[in-house]
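Asks: Build me a model:
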Amino acid sequence: MRRILGLLGVAACILGAAVLTWPQFFQLERNLPVAQVIAFRGPIAAVFGALAVICLLVALARPLRAFALTLALVFGAAAVVNAAVLTQRGLGSDTLPEKTETSIRVLTWNTAGSATTADTIAQIAVAMRADIVTLPETTIHTGEQVAVAMRELGAPMWAHHAEYGEYGVDGWDATSTTMLISPDLGDYSVIASSQDGTSNTSTVPSAVAMPVDGDGPTVVAAHAVAPREEYMQAWRDDLQWLADQCASDNVILAGDFNATLDHMQGMGLDGGALGRCHATAAETGNGAVGTWPTALPALLGAPIDHILATPDWTATGSAVLTSLDGQGGDHRPLVVQLEPSS
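Replies: This next block holds a predicted model:
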């Protein structure tokens, strides 16, 4: 009986480790509660590593040696595989190449509303020499203040937004998403379906801006709802809607996806991570660096803020900014430099 229980225990541990390490095989990456856990691959790798060490210590007791060594092997393998995935996606690089005449820098930052001041946003955007700034949970009022501050710092921007309802009823800044676009990229306008919600993310808004003169990329300021229990289907629908925005040839998609690359598995087309859009942070050494929450070290956080682009663009560098941790917002800014692919 003890042997049978031991085998069942080992089988359960193998299954649990497999699900958390390779959830896509079981098609659980977008299902409760696996979706919530796998957002944190760094802690998963650390926990599996700690469990492997504990099992090795338990193996010192002769009656439990075989059982403990087997579990140490299972947990150790899971820790190694998770660490390998993190390493492959990039454990951190803050090197941005010099801007060229053709490069575009994109900054995305979920500002948590009033937790981040307009002056702070403007200073970071100017310091990063951003041409496009997407700001989930930022009202157009704040966005206009940012644009004015950036103009005074020598970097004028046009402010655009989409919102659900009228901000001020419940004081929830997440009902608005704002984007800033440099006049150097031409005139832009947010499409009507973003503004009236007929085609948009489900619960918190995204904004799709297209060039009025027909040139330049379509810019999508993305905000998917968080995968809380009551919003799971809405979250999955939001990710599909965002994937659908990458159907055309020239798209830059940036914002808070409330999803990691693991959650996006199976949603890419033609080699993309989400639709035809590729993951620029992962391509430039930052795919495993957590952007949320700032209360955790970056490598233990969840990389849920992304800048994606269709194959017309090639990422040449990126940075996750940690200098503002603990100063208000709970997300880290992400900046990526893009060059035209041809």
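Asks: Residue 130 and residue 335 touch, don't they?
Replies: Yes: between residue 130 and residue 335 there is a contact under C-beta atoms under 8 Å: 6.6 Å. For the C-beta atoms, the positions are set from N, CA and C on the backbone; glycine is no exception.
Asks: shared neighbours, the two?
Replies: Here residue 130 and residue 335 have 105, 106, 107 as joint contacts, going by C-beta atoms under 8 Å, 6 or more residues apart in numbering.
Asks: Now the phi/psi pair for the first one, please.
Replies: The one in question is residue 105. Residue 105 has phi and psi values of phi -110, psi 130 when expressed as degrees, to the nearest 10.
Asks: What of the last one?
Replies: When quoted as degrees, to the nearest 10, the phi and psi of residue 107 stand at phi -120, psi 130.
Asks: Tell me the secondary structure at the closest residue to it other than its chain neighbours.
Replies: Spatially, and ignoring its direct neighbours in sequence, residue 107 is nearest to residue 130 (4.0 Å; C-beta to C-beta, 6 or more residues apart in numbering). Assigned with DSSP: H, G, I helix; E, B strand; the rest coil, residue 130 falls in the coil class.
Asks: Tell me, how many residues neighbour residue 130?
Replies: Using other C-beta atoms under 10 Å, residue 130 has 26 neighbouring residues.
Asks: How about residue 190?
Replies: Residue 190 sits with 18 neighbouring residues when counted by other C-beta under 10 Å.
Asks: Specify the local secondary structure of residue 134.
Replies: strand.
Asks: Doesn't residue 317 lie inside a strand?
Replies: Yes: per three-state DSSP, residue 317 lies within a strand segment.
Asks: Residue 118 versus that one, what's the distance?
Replies: Distance of residue 317 to residue 118, given as C-beta to C-beta, to the nearest Å: 27 Å.
Asks: again, but for residue 304
Replies: Applying C-beta to C-beta, the value for residue 304 to residue 118 is 24 Å.
Asks: mind listing the helices for the stretch 1-150 of the chain?
Replies: Counting by DSSP state H, counting those that start in this stretch, the stretch 1-150 of the chain has helices at residues 2-21, 34-38, 41-58, 65-89, 118-127, 140-152.
Asks: returning to that earlier point: need phi/psi at the residue nearest to residue 107.
Replies: phi -80, psi 140.
Asks: Over to residue 161?
Replies: Torsion angles, degrees, to the nearest 10, at residue 161: phi -160, psi 170.
Asks: that older thread, give me the more crowded residue out of residue 304 and residue 118.
Replies: Shown here are residue 304 and residue 118; by other C-beta under 10 Å, residue 304 has more neighbours (23 against 20).
Asks: quick one: the more buried one and residue 27, what's the gap?
Replies: Going from residue 304 to residue 27 by C-beta to C-beta gives 21 Å.
Asks: Please identify the buried residues of stretch 321-335?
Replies: Within stretch 321-335, the residues that count as buried by 16 or more other C-beta atoms under 10 Å are 321, 322, 324, 325, 329, 330, 331, 332, 333, 334, 335.
Asks: again but with stretch 75-85, I slipped
Replies: Going by neighbour count (16+ other C-beta under 10 Å), the buried part of stretch 75-85 is 75, 76, 77, 78, 79, 81, 82, 83, 85.
Asks: For the residue lying closest to residue 182 once chain neighbours are set aside, list the residues it contacts.
Replies: With C-beta to C-beta, 6+ apart as the criterion, residue 182 has its nearest non-adjacent residue at 4.4 Å, and that residue is residue 131. Counting by C-beta under 8 Å, 6+ apart, residue 131 touches 104, 105, 106, 181, 182, 184, 185.
Asks: Which positions are bridged to the first one in the beta structure?
Replies: Yep, that's residue 104 we're talking about. Residue 104 has these beta-bridge partners by DSSP bridges: residue 338.
Asks: For it, give me its contacts.
Replies: 131, 132, 185, 217, 252, 313, 337, 338, 339.
Asks: For the closest residue to the third one other than its chain neighbours, which residues are in contact?
Replies: Counting by C-beta to C-beta, 6+ apart, residue 185 lies nearest to residue 216, which is 4.9 Å off, once chain neighbours are set aside. For residue 216, the contact set (C-beta under 8 Å, 6+ apart) comprises 185, 186, 188, 250.
Asks: By neighbour count, which of these wins?
Replies: Among the contacts of residue 216, the one with the most neighbours (other C-beta under 10 Å) is residue 188, at 21 neighbours.
Asks: how far away is that residue from residue 159?
Replies: Counting by C-beta to C-beta, the gap from residue 188 to residue 159 is 10 Å.
Asks: Kindly report the same for residue 198.
Replies: For residue 198, the distance to residue 159 (C-beta to C-beta) stands at 22 Å.
Asks: Same check on residue 336?
Replies: 21 Å.
Asks: Comparing the two, which residue is more hemmed in?
Replies: Per other C-beta under 10 Å, whichever of residue 336 and residue 159 has more neighbours is residue 336, with 31 against 21.
Asks: So that one, which state does it fall into?
Replies: Using three-state DSSP, the structure places residue 336 in strand.
Asks: need the contact list for it.
Replies: Applying C-beta under 8 Å, 6+ apart to residue 336 gives the contacts 105, 106, 280, 281, 284, 307, 315, 317, 318.
Asks: residue contacts, the third one?
Replies: The reference is to residue 280. Residues near residue 280 by C-beta under 8 Å, 6+ apart: 306, 307, 308, 309, 313, 315, 318, 336, 338.
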